[in-house]
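Visitor: what's the 3D shape of this:
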Amino acid sequence: MAASELSCQVSEENCERREAFWAEWKDMTLSSRPEEGCSLHEEDALRHETYHRQGQCQALVQRSPWLVMRMGILGRGLQEYQIPYQRVLPLPIFTPTKLGATKEDREDTPIQLRELLALETALGGQCVDRQDVAEITKQLPPVVTVSKPGSLRRSLSRSMSQEAQRG
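Guide: You can find the predicted model right below:
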C-alpha cells in the first residue's frame, strides 16, 4: 500500500506584544488501497494458466487544526466529519493585560468562571462526601516499624523454614 503525506507548518511571531504561535499537522494523506468488489480471477486448467487482477482506489484523508476531517475516495467526493474536542480545560486560559490595572481597566470575568465561583460560594467550600483524616487512616493496614533492617528478614526466613519442616 503506497501512501503520500502532506504536512503543514504555521508560525507567527509578534515581537511588539511578545507573542508567538507555532503549529504543525498532517494535512493530507493519499494512499492506494485494493478496491472492494473489483477483482478478476481466471483459471485455465487445460493450459495451466491463471490470471488475477485487483482494482485499486486512492483514499484521501484531509485534516485541519479546526477539528474538521474530510475522508473519501479520490474522484468520488469527500465526506466531512467534525472531530470531537480532546480533554482540555473547560475555560480558556487568560492572563490580565496589565497587572497593575485599576478595576475599571480590567476585563470582565468570563461567564463560565463566574458560574463556577457562584457554585463554590453556594457550597460554602465544603465537599459533600468529606471524611476526616482519622476515618481514612482507620481503613489503612497497620504500620509495622522495624528497628533493624535485617531483623524482619531473619524472622521471616525462620518462619518459612519452620513451615517447610512441618511439610
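Visitor: Identify the bridge partners of L40.
Guide: Bridge pairing for L40 (DSSP bridges) gives the partners R53.
Visitor: Just the pLDDT at it, thanks.
Guide: Listed pLDDT for L40 reads 88.
Visitor: how near is it to P65?
Guide: Distance of L40 to P65, given as C-beta to C-beta, to the nearest Å: 43 Å. (Each C-beta comes from the backbone N, C-alpha and C, glycine too.)
Visitor: Which elements pack onto the strand or helix carrying R63?
Guide: R63 is part of strand 49-64, with elements assigned from DSSP states H and E. In terms of contacts (3 or more C-beta pairs under 8 Å, 6 or more residues apart in numbering; DSSP states H and E), strand 49-64 is packed against strand 19-44, strand 68-73.
Visitor: how about the last one: buried residues?
Guide: Judged by neighbour count using 16 or more other C-beta atoms under 10 Å, strand 68-73 contains no buried positions.
Visitor: Which helix or which strand is home to T121?
Guide: Per DSSP H and E, T121 falls inside helix 111-123.
Visitor: any weak-confidence spans in the protein?
Guide: Applying pLDDT under 70 to the chain flags the ranges 1-2, 85-107, 124-128, 144, 146-167.
Visitor: residue contacts, V10?
Guide: 21-24 (C-beta atoms under 8 Å, 6 or more residues apart in numbering).
Visitor: just to revisit the earlier point, okay, buried residues for the strand holding R63 please.
Guide: By neighbour count with 16+ other C-beta under 10 Å, strand 49-64 contains the buried residues 57-63.
Visitor: ok, those residues vs S7, which is closest?
Guide: For those, the closest approach to S7 (C-beta to C-beta) belongs to R63, at 10.2 Å.
Visitor: got a list of what the closest residue to that closest one other than its chain neighbours touches?
Guide: Spatial nearest neighbour of R63, excluding adjacent residues (C-beta to C-beta, 6 or more residues apart in numbering): M69 at 5.3 Å. Residues in contact with M69 (C-beta under 8 Å, 6+ apart) are 61-63, 80-81, 83.
Visitor: Thanks again, I'm all set now.
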